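In: With the sequence up front, the predicted model follows.
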Amino acid sequence: MDTLYARAGGAPAVTAAVEALYRVVLTDDRLSPYFAGVDIPRLKDHMTALLTQVLGGPSAYTGRDLRLAHARLAITPPHYDLVGAYLIGVLAGLGADDELLAAVRGVLAGTEADIVAGSIAP
Ligand code: HEM
């Protein structure tokens, strides 16, 4: 059976999705302040690897633990939801089917506790 990664269109599709995601995120005034001073090409590389892995593709994510990477940022739940909605919208716009979108929604639900503010406590 094809992985979600293969069905989504493989590396070109994931690259396109990550590019589109950061294009909208970085031009949204509610979100862009979080990214001040951040190395964006490196961030895109890590997000590409993570998304590839989540979809069952070949890449192994070597970035930081998501909790550690986001701990200093004080991300609010509405801002988390906004980025998640942008990601779903980008994937849908690239033709992702319902099963893929459901899988990504599941991942987003599972990572929220690691990424939003205040979650650093044990
Ligand atoms: C929706 C789920 C999210 C996922 C899967 C995700 C994924 C990632 C990944 C893979 C990295 C790179 C970690 C590294 O370089 O080692 C990262 C870093 C970062 N993320 Fe997220 N992220 C998410 C949500 C958010 C949200 C909602 C914001 C802000 C509104 C955000 C802001 C950042 C920033 C600013 C960095 C760079 C931190 C630094 O370099 O110090 N992320 N994220």
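Out: Ah, there it is.
In: how about stretch 103-118 against the ligand, any contact?
Out: Yes: using C-beta under 6 Å from any ligand atom, stretch 103-118 comes into contact with the ligand via 108, 111, 115. For every residue, glycine as well, the C-beta is placed using N, CA and C.
In: ok, now which ones touch the last one?
Out: Which is residue 115. 66-67, 70, 75, 80 (C-beta atoms under 8 Å, 6 or more residues apart in numbering).
In: for it, phi and psi?
Out: Dihedral angles of residue 115 (phi, psi; degrees, to the nearest 10) stand at phi -110, psi -30.
In: Could you find the closest non-adjacent residue to it?
Out: residue 70 (4.7 Å; C-beta to C-beta, 6 or more residues apart in numbering).
In: Tell me the pLDDT of that neighbour.
Out: Predicted confidence (pLDDT) at residue 70: the value is 95.
In: I figured it hits residue 114, correct?
Out: Yes: under the criterion of C-beta atoms under 8 Å, residue 70 lies in contact with residue 114, with a separation of 7.1 Å.
In: what about these two, which has more around it?
Out: Set side by side, residue 70 and residue 114 give different neighbour counts by other C-beta atoms under 10 Å, the larger being at residue 70 (20 against 15).
In: which stretch of helix or strand covers that one?
Out: Here residue 70 is covered by helix 66-70, with elements defined by DSSP states H and E.
In: Show me what that helix packs onto, helices and strands only.
Out: The elements that helix 66-70 packs onto, with contact taken as 3 or more C-beta pairs under 8 Å, 6 or more residues apart in numbering; DSSP states H and E, are helix 98-115.
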